[in-house]
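Chemist: Curious how this folds, go ahead:
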Amino acid sequence: MKISTKGRYALRLMLDLAQYGMEQDYVSIKKVSQRQDISEKYLEQIVAQLSRSGFVNSARGAQGGYCLARSPQEYTVGMILRQIEGNLSTVSCLEESPNKCRRCNNCVTLEVWQQINDAVNSVIDNITLQDLLEKQLAQSNAIEDEGNWTPHRQ
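Modeler: The predicted structure is shown next:
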């Protein structure tokens, strides 16, 4: 499994909306584009898909833009990636349940693929947008503190 650029950018977009669109403030795609260094056109395609699926709300006008439809703790990385990428199975024979592969009953490698799939899902389904936001804010604060650091003089 390889996450596409579109999936990675969708996660960055959602994180930006979580950080700058708190309290139902709407964020323009232009500002997200500038902060994230992602093409506005590409972000418009991604946000349209997220909007259609109910992940983000939109508002027109001078104060318009996009905001999260729910709180950051209600989104997992897995939800966002699956919305953009579709099925995230590591191999095609794990895409359907029950497994319809004619060899699944005697395929010893299936267990390997299932364990990899379970491990990936365990990670992405247990990290919320809120978790990422907290890390982002802590990192921003650490960078700010680093820039303001002065040695102690006696």
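Chemist: check contacts around Val47.
Modeler: By C-beta atoms under 8 Å, 6 or more residues apart in numbering, the residues touching Val47 are 13, 29, 56, 58, 66. Any C-beta I mention is one placed from the backbone N, CA and C, and that applies to glycine too.
Chemist: 6 Å instead, please
Modeler: Residues near Val47 by C-beta atoms under 6 Å, 6 or more residues apart in numbering: Tyr66.
Chemist: can you confirm it is in a strand?
Modeler: No: using DSSP: H, G, I helix; E, B strand; the rest coil, the assignment for Val47 is helix, not a strand.
Chemist: How much space separates it from Asp145?
Modeler: Look at Val47 and Asp145: by C-beta to C-beta, to the nearest Å, they are 33 Å apart.
Chemist: Send me the helix or strand of the chain with the lowest mean pLDDT as CSV with only the CA atoms.
Modeler: Within the chain, confidence by mean pLDDT, DSSP states H and E is lowest for helix 129-147 among all helices and strands, at a mean of 85. Extracted as CSV, the C-alpha positions of helix 129-147 are listed here (Å, rounded to 0.1, in the frame of the first residue of the first chain):
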residue,chain,number,x,y,z
LEU,A,129,-6.9,14.7,13.9
GLN,A,130,-6.9,16.1,17.5
ASP,A,131,-3.8,14.0,18.2
LEU,A,132,-2.0,15.5,15.2
LEU,A,133,-3.2,19.0,16.1
GLU,A,134,-1.8,18.7,19.6
LYS,A,135,1.6,17.5,18.1
GLN,A,136,1.5,20.4,15.6
LEU,A,137,0.9,23.0,18.3
ALA,A,138,3.5,21.5,20.6
GLN,A,139,6.0,21.6,17.7
SER,A,140,5.1,25.2,16.8
ASN,A,141,5.6,26.2,20.5
ALA,A,142,8.9,24.5,20.7
ILE,A,143,10.1,26.2,17.5
GLU,A,144,9.0,29.6,18.9
ASP,A,145,10.7,28.9,22.3
GLU,A,146,13.9,27.9,20.4
GLY,A,147,13.8,31.2,18.6
